[in-house]
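[1] how would this look folded up:
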Amino acid sequence: MEFFRVSSPDELTPGTFGIMEPTAGSPITPFEIDTIICPGLAFTKKGDRLGQGGGFYDRFLKRCPRAIVYGACFEIQVVPHLPTEAHDCQVSQVIHS
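    Predicted coordinates:
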């Protein structure tokens, strides 16, 4: 995964699966990132996160020591307990609607 600084929606075009992606620019190093909004299938109130099983975000989050990580979801996705493993990264705070 690579992340890019974007100043305007005009700098985005539809990429894989129609997800908006940057069209140009230099990648940001993981150490430069201070805030991450992280998707997930489910979260607990204490910050456990269930992803899609590929470990992409867990590996990336470990490389971002300065980042505050927010889990974004709907209220129905907040559950009392999730199975976790040693390599799983927690989010700092869960935000739901």
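[2] what's the longest strand in the chain?
    Longest strand of the chain, by residue count under DSSP state E: strand 68-73.
[3] residues making contact with the helix or strand that that strand is followed by?
    Going down the chain from strand 68-73, the next helix or strand is strand 93-96, by DSSP states H and E. Here strand 93-96 makes contact (CB atoms under 8 Å, 6 or more residues apart in numbering) with 43-45, 47, 68, 70-75, 77-78. Backbone N, C-alpha and C define where each C-beta goes, glycine included.
[4] what does stretch 57-65 give?
    With CB under 8 Å, 6+ apart as the test, stretch 57-65 has contacts from 1, 30-31, 33, 36, 38-39, 49, 51, 67, 69, 87-89.
[5] residues in contact with the most centrally placed residue in the chain?
    By CA atoms, centre = their mean, the chain has its centre lying nearest to residue 38, at 2.1 Å. For residue 38, the contact set (CB under 8 Å, 6+ apart) comprises 49, 57, 61, 69, 70, 71, 72, 91.
[6] list the contacts of the fourth one.
    The neighbours of residue 69, taking CB under 8 Å, 6+ apart as the test, are 36, 38, 61, 89, 90, 91, 92.
[7] repeat that for the last one.
    With contacts defined as CB under 8 Å, 6+ apart, the neighbours of residue 91 are 38, 40, 43, 47, 49, 69, 70, 71.
[8] and those residues as CSV, adding distance to residue 11?
    Putting those into CSV (distance: CB to CB, whole Å) gives the following:
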residue, distance to residue 11
38, 22
40, 26
43, 30
47, 31
49, 28
69, 24
70, 22
71, 26
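[9] those residues, buried ones only, as a ChimeraX selection?
    Per 16 or more other CB atoms under 10 Å, the buried members of the contacts of residue 91 correspond to this ChimeraX selection:
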select :38,40,43,49,69,70,71
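[10] hmm, which of the contacts of residue 38 is lowest in pLDDT?
    Lowest pLDDT of the contacts of residue 38: residue 57, 91.
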